[in-house]
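In: 3D model of this:
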Amino acid sequence: MNDTAKGLLITTCGVLLVVPDSLFVRLIDASALTIAFWRLSLSGGLLGLGLLLLQGTRPFQAVLGTGRYGLIYIFGVGLSGILFILAVSLTSVANVVFIIASLPVFAALYSRIFLAEPVRLRMWLTMAAVMAGLAVIAYGSAGAERSSLAGDALALAVSALFAAALTAARRVKHVSMVPAVAMGYVLAALLILPFAAPLSVPSEQVALVGLHGAFILGSSVLLAIGPRYITSAEVGLLVLLESALAPLLAWAVVDENPGRFALLGGAIVMSALAVSNLVALRRELRNRR
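Out: Predicted coordinates for the structure are as follows:
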């Protein structure tokens, strides 16, 4: 298996593992902060423990040695992990994943502002289309039973925060940010612990909580490894799988109808990103020849 095939397989598996993330939030009978605590502490704690056993403290020291870039990454992934759960608790799964799909727009803006990278016409057109799609989603949230503008705003904050983390990571490409994921998750879990009720989870759902943490752990590891072997455009196309599958899964399992505005806005967002990524992928493949 060549590197491209390996990267596609690993990244696809990582995306598929994160698809049920929002469904777990719906199924676990606990407060949003309690779910967030267990999600972050289990996945972050196990990931950190595994790294310590296999590589010692060296990977963590390398992340801290990057200074503010490592701290931005830790802060971004940790806080976005909390806000994601809060967003899902306040608005529909479809709204959350469609809005978070706007992450490449924030990444392009951050790269322009902080890395002095030019924004191509393709990205400006993509941004305009994505903003139009988000406006449709927000319009539908105002009158929808399951949706809310507050939840939509939190989902947008998740997108902005995670894009900031990825932009910071690009400045220190030589350092693996996998340990930063563990640190960010554990620190975020400790931050919300005073406001959570970890022991309030019903005994019959303990296994579900553990499964939730395991899925996020597996996804975090695979999505840290897979993109090393494929282009950013290929990663972007694969990540759209979550936006497509998560609402369908919630619809099938808990009968959560996304609503026509969420579906229309989501279709606009995903179509714009898919076309943009396909154009970028075509350009990258042509340059390889």
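In: can you give me the helices in the stretch 101-250 of the chain?
Out: Assigned by DSSP state H, counting those that start in this stretch, the stretch 101-250 of the chain shows helices spanning 103-114, 121-141, 149-170, 178-192, 206-225, 232-254.
In: what's the closest of these to Lys6?
Out: helix 206-225 (9.2 Å; Cβ to Cβ). Using the backbone N, CA and C atoms, a C-beta is placed for each residue, glycine as well.
In: tell me how far the closest one lies from the chain's centre.
Out: Distance of helix 206-225 from the chain centroid (Cα atoms, centre = their mean, to the nearest Å) equals 13 Å.
In: in it, which residues are buried?
Out: By 16 or more other Cβ atoms under 10 Å, the buried positions in helix 206-225 come out as 209, 211-213, 215-225.
In: packing partners of that helix?
Out: Applying 3 or more Cβ pairs under 8 Å, 6 or more residues apart in numbering; DSSP states H and E, one finds that helix 206-225 contacts helix 3-18, helix 21-27, helix 32-55, helix 178-192.
In: Thr91 and Asp29: what is the separation?
Out: 19 Å (Cβ to Cβ, to the nearest Å).
In: Leu23 and Pro247: what is the separation?
Out: 10 Å.
In: ok, the nearest residue to Ser176 once chain neighbours are set aside - how many residues close by?
Out: Once flanking residues are discounted, Ser176 sits nearest to Pro59: 6.3 Å by Cβ to Cβ, 6 or more residues apart in numbering. Residues near Pro59, counting by other Cβ atoms under 10 Å, number 20.
In: list the contacts for Pro59?
Out: With contact taken as Cβ atoms under 8 Å, 6 or more residues apart in numbering, Pro59 is in contact with 51, 176, 178-179.
In: what's the first helix or strand after the strand or helix carrying it?
Out: Element membership for Pro59, per DSSP states H and E: helix 58-64. Going down the chain from helix 58-64, the next helix or strand is helix 68-90, by DSSP H and E.
In: now that next one: mean pLDDT?
Out: What helix 68-90 shows for mean pLDDT is 94.
In: and that helix, what's buried?
Out: Buried residues in helix 68-90, counting neighbours by 16+ other Cβ under 10 Å, are found at 69-90.
In: doesn't Ser41 make contact with Tyr185?
Out: Yes: using Cβ atoms under 8 Å, Tyr185 makes contact with Ser41 at a distance of 7.3 Å.
In: the residue lying closest to Leu240 once chain neighbours are set aside: neighbouring residues, count only.
Out: Closest residue in space to Leu240, ignoring its immediate chain neighbours: Met270 at 5.7 Å, by Cβ to Cβ, 6+ apart. Residues near Met270, counting by other Cβ under 10 Å, number 18.
In: for Met270, give its distance to Leu241.
Out: Applying Cβ to Cβ to Met270 and Leu241 gives a distance of 10 Å.
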